[in-house]
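Engineer: model the structure of this input:
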Amino acid sequence: MPIPPDVGEAIIRYLQEERTSATTRTLFVTHRAPNRPFKDSQIINTILKEAFAATGVKPPTPYVGSHVLRHSLATNMVRAGASLEEIGDLLRHRSRATTMIYAKLDTDGLRSIAQPWPVAEVAR
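Structural biologist: Okay, here's the model as predicted:
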């Protein structure tokens, strides 16, 4: 997936100025030597919690994990007009039902395609 220029520049700065080890091809590594790749996803959850706390941004759910990044991406894509198929492909969902949870987030979009409730004609 393409990344925005400002994110690319931040990654370049990180690699050139902040990252202290070039012994692995993994992009993000532990801060302390020997600067290895993260051993599991728990560190990402901790980083996200600390980032929310530091910025004062309220997380969308009480549990903050890496899923919040996927959810934010999908929500923004829905709001930008992406189809559920595009979102499902990008997130690599195996089932359309998994992607359907994002349809409920676009209430205005759903309203625009909603059909009126059928009303039986009253016989006179």
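Engineer: going forward, measure contacts between C-alpha atoms and count neighbours the same way
Structural biologist: Fine.
Engineer: could you give the number of residues near the closest residue to residue 91 other than its chain neighbours?
Structural biologist: Computed as CA to CA, 6 or more residues apart in numbering, the closest residue to residue 91 that is not its neighbour in sequence is residue 70, at 7.4 Å. Around residue 70 there are 12 other residues, counting by other CA atoms under 10 Å.
Engineer: what about residue 70, helix or strand, and which?
Structural biologist: Using DSSP states H and E, residue 70 sits in helix 67-79.
Engineer: just the pLDDT at residue 6, thanks.
Structural biologist: For residue 6, the model assigns a pLDDT of 94.
Engineer: count of residues packed around residue 75?
Structural biologist: 19.
Engineer: okay, the nearest residue to it once chain neighbours are set aside: pLDDT?
Structural biologist: Distances taken as CA to CA, 6+ apart put residue 102 closest to residue 75, at 6.5 Å, once the chain neighbours are dropped. Predicted confidence (pLDDT) at residue 102: the value is 71.
Engineer: so what's residue 102 up against?
Structural biologist: When the contact criterion is CA atoms under 8 Å, 6 or more residues apart in numbering, the partners of residue 102 are 74, 75, 78, 84.
Engineer: can you list the domains in the protein?
Structural biologist: As given by automatic domain parsing, the domain ranges for the chain are 1-39, 40-106.
Engineer: next, give phi and psi for residue 29.
Structural biologist: phi -130, psi 170 (degrees, to the nearest 10).
Engineer: who does it bridge with?
Structural biologist: Counting by DSSP bridges, residue 29 is bridged to residue 37.
Engineer: okay, now it: neighbour count?
Structural biologist: 19.
Engineer: same deal with residue 93?
Structural biologist: 13.
Engineer: could you find the closest non-adjacent residue to it?
Structural biologist: residue 99 (6.8 Å).
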